[in-house]
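Chemist: Dropping a prediction and its sequence here:
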Amino acid sequence: MKKLPLVLLLLSCSLLMACNGQEINAHSEKTAYKSVKMIKNHLTEEKRIEYEMSFWMIRDAKKDNAEFLAAVDGKKSDEIIAMGKEIYEKRKTEGFAEYQQYKTWEEMMAKYDRDRIKQGKSKTDIKEKINDPQSGNRDVIYSM
């Protein structure tokens, strides 16, 4: 009888190790967003941007909540990125205006990466750069 608590403890530990949190839990919209945030925090910087953009592309493509949640439930980061690339290719061939300015997925991700870096700078750095006549960088940060 004394072995039962030990067995239960080992069983629960093994179950926790099996649930590594690398898949989106989309049982509700709230849990999906929490899962995405947790997964995002464990990715490299370059993969993080692809992951975020892909997730929001899927969200934009699937307006119905149930359809969206079913599409992302149980998906890992690589699967979400693959889905985002598919949506990009499909929309680009359909003539989606936002994507026509990019030749490839990688080019679009590079632009968003540069925009993200610019957003991380302090406002004084940006003001100095705008007031600098040598600087030709007066791009507007992307809008979604």
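Modeler: Cool, got the structure.

Chemist: which residue is nearest the middle of this structure?
Modeler: residue 52 (1.5 Å; CA atoms, centre = their mean).

Chemist: Check which helices and strands the helix or strand it falls within is in contact with.
Modeler: Applying DSSP states H and E as the criterion places residue 52 in helix 45-61. In this structure, helix 45-61 makes packing contacts with helix 29-40, helix 65-72, helix 77-94, helix 105-119, judged by 3 or more CB pairs under 8 Å, 6 or more residues apart in numbering; DSSP states H and E. C-beta here means a position set from N, CA and C on the backbone, and glycine is covered the same way.

Chemist: excluding its backbone neighbours, what's nearest the residue nearest to the centre of the chain?
Modeler: Excluding the flanking residues, the one nearest residue 52 by CB to CB, 6 or more residues apart in numbering is residue 40, at 6.3 Å.

Chemist: List the residues that contact the one you found.
Modeler: If a contact means CB atoms under 8 Å, 6 or more residues apart in numbering, then residue 40 has 48, 51-52 as its contacts.

Chemist: Quick check: the gap between residue 82 and residue 57.
Modeler: Residue 82 sits 11 Å away from residue 57, going by CB to CB, to the nearest Å.

Chemist: Looking at these two, which is more packed in?
Modeler: The neighbour count for residue 82 versus residue 57, taken as other CB atoms under 10 Å, is higher for residue 57 (21 against 13).

Chemist: right, and the more buried one touches residue 81 too?
Modeler: No: using CB atoms under 8 Å, residue 57 is not in contact with residue 81; the gap is 10.0 Å.
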